[in-house]
Each structure stands twice: as structure tokens, then as C-alpha cells.
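**Student:** Got a sequence here, can you build the structure:
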Amino acid sequence: MLQKVTAVPGPKSSSLLERKNRYVARGISNTTPVFVAEAKGALIKDVDGNEFIDFYGGIGTLNAGHCPEPVVNAIKSQADRLLHTCFMVTMYENYVDLAEKLASLCPVKGEAKKVMFANSGAEAVENAVKIARFYARKPGIISFECAFHGRTLMTMSLTSKVKPYKFGFGPFAPEVYKVPSAYCYRCYFNSTYPECGLHCLENFARFFAAEVAPENIAAMIIEPVQGEGGFIVPPPEFLPGLQKLCEKHGIVFIVDEVQTGFCRTGRMFAVEHWGVQPDLMTVAKSIASGLPLSGVIGRADVMDAPDPGHIGGTYGGNPISCAAALATIDYMQEQKLADRAAKIGETALGRLRAMQEKYPLIGDVRGLGAMVAMELVRDRKTKEPAKEEAGRIIQECYKRGLIIIGAGIFGNVVRMLMPLTITDEQLEQGFSILEEVVAEVAG
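**Tutor:** Residues are numbered from 1 along each chain as shown. Here you go, the predicted model:
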């Protein structure tokens, strides 16, 4: 049983929340009023002693769980020897070790692959765009509706959810073009898969005639499963179709695996489900069990296009983060966390679909591996988004000991990114809380 000492928020969390509101910028939001004291595996304890089951995993950053022992030990060992130098001046071995490891693991096209490191997912995407443009000598970038790639100028331009990410922050980076994604539940073309013939792919013929010539496009970037957009899993033909399109027109194909990578979907990387081999891949989040680290992995000829000094950053590939990443990847492989993700996904989708049969509030259930979500609607025929109901579910869950978060361009998706080290008992208890709350909110 979860330990519950106080109401949520408790007195210590409430006091800290007052200080947070006084000293932290208002733009830094918080989904829950919880301040964490410690966490292990899939269990969080707040400063008041209350325990919570984690169904959000640092927004996909803690696939290996909170504080995995081998990773903590690797961090401590590295901290005793070297904290930082800046790899661009004096180098260190574990940067190279990690680059070699990722080059061997990532399903990027070609035999020769190279890697560069940065600090965040947004930085990785920024660098992937820079590299692709320099290689292709073209300016245009294609991204997709419902995409999320970050909050910097370029990544915000690539992102497709207006509020809260883009509203009031323009003008945006030029030469970014949006196309409809394969959001089958809310098809842009009002079609139904598979009878539709994939209008989302067919649309490119019109797009290249009406909006921008393919000769002007340097790169296309897509998340294999769109994350913040609502955990949108594309049909089997979509990603291979995009790769063929890019190959036909000489466009660099970038896959953003920031949220989907490192065992989350039941494979080390999500593109493996479709047999897709991108030219460039961006990674971050669960690469280092929560330490700041991201990377771009790609074909050697593309990665080597920029000259020395064109890419990089002071903290990119920090030695402690690299040590954490190497230990994290080893731990994931030893514990077979990709297999565990597949099993968690089966359980989660089974529970959600059973709930969907009982509660009309749940319009759609979808996911890949342990990246699962339910989309809430007020009417299954009109598919009117149930944004307020999604917010109430999230709020009532944390009050009862389950931390879960939302997503979706309409704010009506409840998504699950539980650590892959979660126990069967914790998983069952989490879904019991969730169903209790859904039943209450559904009325």
C-alpha cells in the first residue's frame, strides 16, 4: 500500500509552493503541487512523506527507473575523477566510448555513423537541422502537425501545438513547412484507415506543387510516435513511405527519438518497428537516467559536412552525463527493458481498452510498447475534446497517489510513461487508481 501521511499538497509542499510562486518565473508550470524528496524505481516520496506511483517517468526521461544503482555508482565514480573540461578543448575517453556505443546501436542508414552530443532534446534537434542544412545546401525543413520538438526558436517553429508553446512568441524561424500527420483518429482528410489509401502520403504531390519545391527542402523531421501531440502511432506504411519520399527527392530524413528512444516502445528505438533507417536521429531524455544529455547520430557523410567549430557547445557530452549514459544503456540491456516495455504495454492497453468499453468518455486508446494513452471526448460521434475532464483525472489521480500527465493538441489526452522497472503490483495499483478516477469523472 502507498504511504499517505497528509493530504496533497502537504504542509511542507505547500510552503515550498509559496516560495516557488515568489521566486520562480511564472512561465515554469507545475502539473502537481508535489515536491519530491526521494524516488526509487517507480515510486516517489514527497517532502511530507507521501508516496506516489510514477506513471510519467520525468516525461519519458526515466525509462530505467529512478536512481538505478549501477547508474548512481557510475555517476559517483566519475564525479570523483572529473566533473568537466569542455570536450572541444581537452577531451576525455567516455565521450568517445558513448559515441561508439550509440553508433553501434542506432538503426541509422549506412555502415559508417558518427555522433555529436548536446544537453537537451531541443539542442539535439537544433543541431540536426544545422547539420542537414549544411550538408544539403538548402534552407527548407518539413515538420508535421501535432509535432513537438522543443521550445527554442527553431524547435518551437517545428512544433505544432500553439498554446502554450508558440502563442505570443513569434516571429518564428523561416523556411519551416507543416504537413498533416497520420492522426487516424482525427484524420485531416476525413478518411478512414486503411480504406483511405494514406492521403497523408498522397498529399505530398500537391504540397510540393502548391507550397514548396522539393529541391528547396533540406530535411524532413518526424517523431515515430508523436509524443506531446497525443501519442499518435502512425499506420505501418507511413514512416517507410516518408523515407522513400525523402530518398526520391534527396531530402535528409531526420527521426526525433527524444521521447520514443531507449526501450520505451518495446525496441531500443521506435523506428525499428517499421524497419526505417533515417539519415539522422536525435536522442535525449532516457539516455542518461535523468542527467542532461542529448545527441545526434547519423550517416558519417552527413554528420561530417559541417567544418570543425560549426557544431558543439560548452557542456555537450559532459563526462558525468556520458558515464551515466553508458551505465544506463548497459543496465537497459542487462535487464531486458525493451521486453519489459512490451509486456507493460500489453497490460496497459488491455486495461485501457476494457475501460473504454465501460466509459464513453474514452474515445480512443492507442500506444506502442509502454508509451500508451487514452483520448477523452464528450461525444464519440463528434469527438468533441474533453479537455476539462482530462485535467480533473490528472488532479484526482495525484491526490490518490498516482502521478500521470496530459498531452494532445487539444489537451484531452492522458498519457502514460511509467518507468520500465515498475513492478507488476505497482502497475496494477496505478491502473486501479486510474479506473476509480475515470469512473468518477465519467459520472
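**Student:** Test for you: state the pLDDT assigned to K161.
**Tutor:** Looking at K161, its pLDDT stands at 89.
**Student:** just R380 next, same as before
**Tutor:** 97.
**Student:** Please apply the same query to the one 3 residues further on.
**Tutor:** The predicted structure scores K383 at 98 on the pLDDT scale.
**Student:** And for it, the neighbour number?
**Tutor:** When neighbours are defined as other C-beta atoms under 10 Å, K383 has 16 of them. In this view, the C-beta of every residue, glycine as well, is placed from N, C-alpha and C.
**Student:** how close does it get to G229?
**Tutor:** According to C-beta to C-beta, to the nearest Å, K383 stands 16 Å off from G229.
**Student:** Same check on T61?
**Tutor:** In terms of C-beta to C-beta, T61 sits 18 Å off from G229.
**Student:** for A64, same thing?
**Tutor:** 25 Å.
**Student:** where are the low-confidence patches of this structure?
**Tutor:** Within the chain, not a single segment meets pLDDT under 70.
**Student:** Just the strands from the stretch 301-443 of the chain, written as ranges.
**Tutor:** 362-368, 371-376, 402-403, 405-407, 413-416 (DSSP state E, counting those that start in this stretch).
**Student:** closest one to F208 among those strands?
**Tutor:** Nearest to F208, of all these, is strand 362-368, at 29.4 Å by C-beta to C-beta.
**Student:** Now do the closest one: which elements does it pack against?
**Tutor:** helix 337-358, strand 371-376 (3 or more C-beta pairs under 8 Å, 6 or more residues apart in numbering; DSSP states H and E).
**Student:** From V125, how far out is the closest residue to Y165 other than its chain neighbours?
**Tutor:** Closest residue in space to Y165, ignoring its immediate chain neighbours: T159 at 5.3 Å, by C-beta to C-beta, 6 or more residues apart in numbering. Going from T159 to V125 by C-beta to C-beta gives 10 Å.
**Student:** List the residues that are in contact with both of the two.
**Tutor:** H149, G150 (C-beta atoms under 8 Å, 6 or more residues apart in numbering).
**Student:** Looking at those two, which is more packed in?
**Tutor:** When T159 is set against V125 and neighbours are counted by other C-beta under 10 Å, the residue ahead is V125, at 28 against 25.
**Student:** any idea how far the helix or strand where the more buried one lies is from the chain center?
**Tutor:** Using DSSP states H and E, V125 falls within helix 121-136. Distance of helix 121-136 from its chain centroid, counting by C-alpha atoms, centre = their mean, to the nearest Å, is 18 Å.
**Student:** next one: stretch 386-404
**Tutor:** That offset, for stretch 386-404, works out to 20 Å (C-alpha atoms, centre = their mean).
**Student:** Can I get it as PDB, trimmed to CA atoms?
**Tutor:** Output of stretch 386-404 as PDB, limited to C-alpha atoms (Å, rounded to 0.1, in the frame of the first residue of the first chain):
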ATOM      1  CA  ALA A 386     -12.900  16.600 -23.200                       C
ATOM      2  CA  LYS A 387     -10.000  18.800 -22.000                       C
ATOM      3  CA  GLU A 388     -11.500  19.700 -18.600                       C
ATOM      4  CA  GLU A 389     -12.200  16.100 -17.800                       C
ATOM      5  CA  ALA A 390      -8.600  15.200 -18.700                       C
ATOM      6  CA  GLY A 391      -7.400  17.800 -16.200                       C
ATOM      7  CA  ARG A 392      -9.700  16.500 -13.500                       C
ATOM      8  CA  ILE A 393      -8.500  13.000 -14.000                       C
ATOM      9  CA  ILE A 394      -4.900  14.100 -13.600                       C
ATOM     10  CA  GLN A 395      -5.700  16.100 -10.500                       C
ATOM     11  CA  GLU A 396      -7.700  13.400  -8.800                       C
ATOM     12  CA  CYS A 397      -5.100  10.800  -9.600                       C
ATOM     13  CA  TYR A 398      -2.200  12.600  -7.800                       C
ATOM     14  CA  LYS A 399      -4.500  13.200  -4.800                       C
ATOM     15  CA  ARG A 400      -4.800   9.400  -4.500                       C
ATOM     16  CA  GLY A 401      -1.200   8.600  -5.100                       C
ATOM     17  CA  LEU A 402      -0.800   8.300  -8.900                       C
ATOM     18  CA  ILE A 403       1.100  10.900 -10.900                       C
ATOM     19  CA  ILE A 404       0.100  11.000 -14.500                       C
END
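**Student:** mind listing the helices in the stretch 251-400 of the chain by residue range?
**Tutor:** 300-303, 319-334, 337-358, 387-399 (DSSP state H, counting those that start in this stretch).
**Student:** Of those helices, which is nearest R267?
**Tutor:** With C-beta to C-beta as the yardstick, what comes closest out of these is helix 337-358 (5.6 Å).
**Student:** in the closest one, what counts as buried?
**Tutor:** Buried residues in helix 337-358, counted by 16 or more other C-beta atoms under 10 Å: 337-338, 340-345, 348-349, 351-352, 355-356.
**Student:** Stretch 201-216 now?
**Tutor:** L201, F204, F207, F208, P214.
**Student:** Pull the residues that contact it.
**Tutor:** Residues contacting stretch 201-216 (C-beta under 8 Å, 6+ apart): 138-140, 175, 177, 179-180, 189, 237-238, 241-242, 245, 249-251.
**Student:** top of the residues you listed by neighbour count?
**Tutor:** Within the contacts of stretch 201-216, most neighbours by other C-beta under 10 Å means L242, with 26 neighbours.
**Student:** So the chain: which segments form each domain?
**Tutor:** 70-334, 336-414+425-443 (automatic domain parsing).
**Student:** and those as TSV, adding distance to D54?
**Tutor:** TSV is the format used below for the domains of the chain (distance: least, C-beta to C-beta, whole Å):
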stretch	distance to D54
domain 70-334	12
domain 336-414+425-443	6
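**Student:** neighbours of Y23, just the number please.
**Tutor:** 7.
**Student:** oh, I was asking about I28
**Tutor:** For I28, using other C-beta under 10 Å, the count is 7.
**Student:** so which strand or helix has it?
**Tutor:** Counting by DSSP H and E, I28 is part of no helix or strand.
**Student:** residues contacting the closest residue to A373 other than its chain neighbours?
**Tutor:** In this structure, A373 finds its nearest non-sequential neighbour in F231, 3.7 Å apart by C-beta to C-beta, 6+ apart. Contact analysis of F231 by C-beta under 8 Å, 6+ apart lists V225, R366, G367, M371, V372, A373, A407, V413, R415.
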